[in-house]
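Student: fold the following.
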Amino acid sequence: MNTLLLEAHNGVLLITLNRPQSRNAMSLEMVNELRTVLAQLDSQVRAVVISGAGGHFCAGADVKDLVSAGDQLQALNRAFGTLLQEVQATPRVVIVVLQGAVLGGGFGLACVSDIAIADHQAQFGLPETSLGVLPAQIAPFVVKRIGLTQARRLALTAARFDGVQAQRLGLVHFVERDPQALAERVDEVLGQVLQCAPGANARTKALLLASVEQPLEPLLNQAAQWFAEAVASAEGIEGTQAFVHKRKPGWCK
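Tutor: As a prediction, this is how the structure comes out:
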């Protein structure tokens, strides 16, 4: 990988966006490498933690790519949207650690995470309109994360705001005051995730995402089927036996 640093241990894959010279701006190469990593995840990976090198998460799209894209600009933009779809849909728990610039594409990545942890001084924003362009692939995910009213305000003003305000908007779940507290919060959240059965987490995530768009009746029918399958599965049997015998189930790390 040219734009990413990867480290795997204990069922967790740590992905570091590694273009610090450009505040980890999202190049097409980075988009493709992230998609490749997601596509190649095996069943041992239960959580993915995405952070950025050099004190920044991601400052948005790489302007150099935009300038040189020519007639491929539409395809380039759509590729990032596909990445956001794939990050959101992965059955693993996705955690983002947000420091420094969280702009444009970085903002979009935060919106498709399951759990977002931010430094209180991180700088969030949708600067696209101030550059004469649109937050094209990001917009639907922003609306689903924080609602239409706030999304309109932020996108149409390109306003910047910090981690504390991001938490108030519902964009992030935790805000920490220093790097040590940030690291401790990540460890705490990972510890909680690894207490949950990976198969149950994957189905629950799919169910929650489907609840936003699917009609209620077929969704509840699907949920009942998944519930019955879960109870009869190896995980369900192990969880039941662990409860009866007052021990931790085998998936606990």
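Student: residues near Trp251, how many?
Tutor: Residues lying near Trp251 (other Cβ atoms under 10 Å) number 19. (Each C-beta comes from the backbone N, C-alpha and C, glycine too.)
Student: residue numbering should commence at 41 henceforth.
Tutor: Noted, 41 is the first residue going forward, which turns the last one into Trp291.
Student: hang on, it packs against Asn241?
Tutor: No: Trp291 lies out of contact with Asn241 (Cβ atoms under 8 Å); the separation is 9.6 Å.
Student: and the next element down the chain from the helix or strand where Ala268 lies?
Tutor: Using DSSP states H and E, Ala268 maps to helix 256-272. As assigned by DSSP H and E, the chain's next helix or strand after helix 256-272 is helix 274-284.
Student: what angle do that next one and helix 256-272 make?
Tutor: Going by axes from the mean of the first three to the mean of the last three Cα atoms, to 10 degrees, helix 274-284 is angled at 60 degrees with respect to helix 256-272.
Student: show me what helix 274-284 is packed up against.
Tutor: helix 238-250 (3 or more Cβ pairs under 8 Å, 6 or more residues apart in numbering; DSSP states H and E).
Student: now the closest residue in space to Gln254 that isn't next to it in sequence: how far from Arg208?
Tutor: In this structure, Gln254 finds its nearest non-sequential neighbour in Gln262, 7.9 Å apart by Cβ to Cβ, 6 or more residues apart in numbering. Separation of Gln262 from Arg208 (Cβ to Cβ, to the nearest Å) stands at 34 Å.
Student: equivalent analysis for Thr189, please.
Tutor: Taken as Cβ to Cβ, the span from Thr189 to Arg208 is 14 Å.
Student: these two - which one has more neighbours?
Tutor: Arg208 (13 against 9).
Student: please spell out which residues along the lowest-mean-pLDDT helix or strand in the chain are buried.
Tutor: Lowest by mean pLDDT, DSSP states H and E among the helices and strands of the chain is helix 103-108, with a mean of 80. Neighbour-count burial for helix 103-108, counted by 16 or more other Cβ atoms under 10 Å, picks out Asp105.
Student: stretch 154-166 now?
Tutor: Going by 16+ other Cβ under 10 Å, stretch 154-166 has these buried residues: Asp154, Ile155, Ala156, Ile157, Ala158, Asp159, His160, Ala162, Gln163, Phe164, Gly165, Leu166.
Student: looking at those residues, which are in strands?
Tutor: Per DSSP state E, strands hold the following members of the buried residues of stretch 154-166: Ile155, Ala156, Ile157, Ala158, Asp159, Gln163, Phe164, Gly165.
Student: so what's the residue nearest to Gln254 up against?
Tutor: By Cβ atoms under 8 Å, 6 or more residues apart in numbering, the residues touching Gln262 are Leu247, Ala250, Gln254.
Student: how many neighbours does the closest residue to the first one other than its chain neighbours have?
Tutor: What sits nearest to Leu247 in space, not counting adjacent residues and going by Cβ to Cβ, 6+ apart, is Ala263, at 5.7 Å. Neighbourhood size, Ala263 [other Cβ under 10 Å]: 16.
Student: no further questions, thank you.
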